[in-house]
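J.: from the sequence below, what's the structure:
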Amino acid sequence: EHEHEHEHEHEQIPMIVSTDSPTKSPTMPPTQLPTKGPTAAPEAATLSPTISPTSTPTFTPTSTSTTEEPTISPTKSLTGVPTVTTKPPTKYPTVSPTASPTTSPTASPTASPTASPTKGVPAPTVPVTLADGIMYDLQSPDPMYHDKTHFTQGLTYSKKSDILFESNGLYSYSSLCRLNPDTGEALLCKSIESNLFAEGMQVYTNSTDNDNDNERLIQITWKARKGFIYDASTLERISEFTFSTTQNEGWGICYDEANNEFIVSDGSNVLHFWDGVTLEEKRRVEVYRHNGNKANSMNELEFVNGKVLANVWYHDVILVIDPVTGVCESEYDFSHLWPKAERRQFGADVLNGISISKDDGILYITGKKWNRMYKLKLRNF
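T.: Numbering: from 1, shown residues only. Next up, the predicted model:
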């Protein structure tokens, strides 16, 4: 079911990998340093369900073959690598993941328990922990269709064009696609070079263009330290650039429009902030989990309501992070969305893919080689 994508790696740019970076051998068990490639599927797989892009999902035997997509020739590289400027991280106090949030009766001396809430001031959000269990609401009892051959690395939605975009990984199979946001069906896909492993992708409006409606896609790759800019309407490549991160890898990327910054993950516990025009690194922020451990393996990212949402590679967990302080405000457990024991029977890999939708507060969630995609709303967010 899975491709052996790591047997023949021919990177155009020398690979620089930190000794702390996890290797990506697909056979490593979760208890060791896991791999970023596909997890092994059971030898005796059952019939794989297919979800129709236009109707209620039905489960029938399907083929696992992958149709080749047109290739895109390499384009001229832009000069310059983003300058790395480090900033001492601030580690916030350890919070027990099992402890329920409490409120001290003397914590707010000016507030009376019976006082009416101030007009225009939102009610405080109660942090979510893994111990809270299911803290999301599905928008439909039936999931949407998702192409099970897509090794999802990035998911991003444009409210301007009402299109969902997807970046898919694996050597020889990496691509970017335009998806129907209502059905999940692929409208247009284009492949990238076979020696590149595509990772996260983000749609945005190029602020330097006279046409403010001219949307772009920025896509990063895993080990090649290369990224690409595309025309979002045609998926034609416009330019490419080089980058560096803590581990000199690219994993996830999202966009803070208010500050015109791209936020990038690389498998470590560090978020990297790039200038939205020059792509030069402006700062870095370290992230720590509720239990005090480093938030390593942050993968696909999405920027929602001033917060960074990050799913954790190899775990069905989504973190809510303050982009200024790096504080992990909430941790959502998604182990019940499509349980590992069930999805592995169908050759599906890890949860990976978060995107906003046209409806405020509603997210798209999917995974690598998943045959389904969910729309849901987080509680207490």
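J.: any idea how far residue 182 lies from residue 359?
T.: 12 Å (C-beta to C-beta, to the nearest Å). Any C-beta I mention is one placed from the backbone N, CA and C, and that applies to glycine too.
J.: pick out whichever of these two has more residues nearby.
T.: Neighbour totals were compared for residue 182 and residue 359, and residue 182 leads with 14 against 11 (other C-beta atoms under 10 Å).
J.: quick check, pLDDT for that one.
T.: Residue 182 carries a pLDDT value of 97.
J.: one more: residue 40?
T.: Here the pLDDT value assigned to residue 40 is 44.
J.: next one: residue 214
T.: At residue 214, pLDDT is 87.
J.: what's around the residue nearest to it when sequence neighbours are not counted, how many residues?
T.: Nearest residue to residue 214 in three dimensions, chain neighbours excluded: residue 206, at 5.5 Å (C-beta to C-beta, 6 or more residues apart in numbering). If you count neighbours by other C-beta under 10 Å, residue 206 ends up with 19.
J.: any idea of the mean pLDDT for stretch 233-252?
T.: The model assigns stretch 233-252 a mean pLDDT of 98.
J.: enumerate the positions of it that are buried.
T.: 233, 235, 237, 240-252 (16 or more other C-beta atoms under 10 Å).
J.: stretch 303-322 too?
T.: Applying 16+ other C-beta under 10 Å to stretch 303-322 flags 303-304, 307-321 as buried.
J.: and if you look at stretch 262-282?
T.: Under 16+ other C-beta under 10 Å, the buried positions of stretch 262-282 are 262-274, 276, 279, 281-282.
J.: hmm, residue 125 is touching residue 381, no?
T.: Yes - counting by C-beta atoms under 8 Å, residue 125 does reach residue 381; the two are 6.8 Å apart.
J.: neighbour count winner among these two?
T.: residue 381 (18 against 12).
J.: show me the contacts for the more buried one.
T.: By C-beta atoms under 8 Å, 6 or more residues apart in numbering, the contact list for residue 381 reads 125, 128, 304, 305, 320, 330, 361.
J.: circling back: narrow the buried residues of stretch 303-322 to those in strands?
T.: Judged by DSSP state E, strands contain the following of the buried residues of stretch 303-322: 303-304, 307-312, 317-321.
J.: what sits closest to residue 127 if chain neighbours are left out?
T.: Closest to residue 127 by C-beta to C-beta, 6+ apart is residue 330, at 5.1 Å.
J.: and the one you found, what element?
T.: According to DSSP states H and E, residue 330 maps onto strand 328-333.
J.: elements contacting that strand?
T.: The criterion is 3 or more C-beta pairs under 8 Å, 6 or more residues apart in numbering; DSSP states H and E, and the helices and strands that strand 328-333 contacts are strand 317-321.
J.: show me the contact partners of the strand it packs on.
T.: 128, 130, 271, 287, 289, 295, 298, 307-312, 327-334, 354, 381.
J.: ok, now with 7 Å
T.: Identification of contacts with strand 317-321 by C-beta atoms under 7 Å, 6 or more residues apart in numbering yields 130, 287, 295, 307-312, 328-334, 354, 381.
J.: show me where the protein has its helices.
T.: Assigned by DSSP state H, the helices in the chain fall at 340-343.
J.: distance of the closest residue to residue 375 other than its chain neighbours from residue 180?
T.: Of all residues not flanking residue 375 in the chain, residue 139 sits nearest, at 4.2 Å (C-beta to C-beta, 6+ apart). To residue 180, residue 139 is 16 Å away according to C-beta to C-beta.
J.: residue 330 too?
T.: From residue 330 to residue 180 the distance is 31 Å (C-beta to C-beta).
J.: same check on residue 252?
T.: 23 Å.
J.: likewise for residue 358?
T.: To residue 180, residue 358 is 12 Å away according to C-beta to C-beta.
J.: of the two, which one has the most company?
T.: Neighbour tally, residue 358 and residue 180, criterion other C-beta under 10 Å: the higher count belongs to residue 180, 16 against 12.
J.: any chance of the backbone angles for the more buried one?
T.: Backbone torsions of residue 180, given as degrees, to the nearest 10, read phi -70, psi 120.
J.: sheet partners, orientation included, of the strand holding residue 330?
T.: strand 317-321 (antiparallel) (DSSP bridges).
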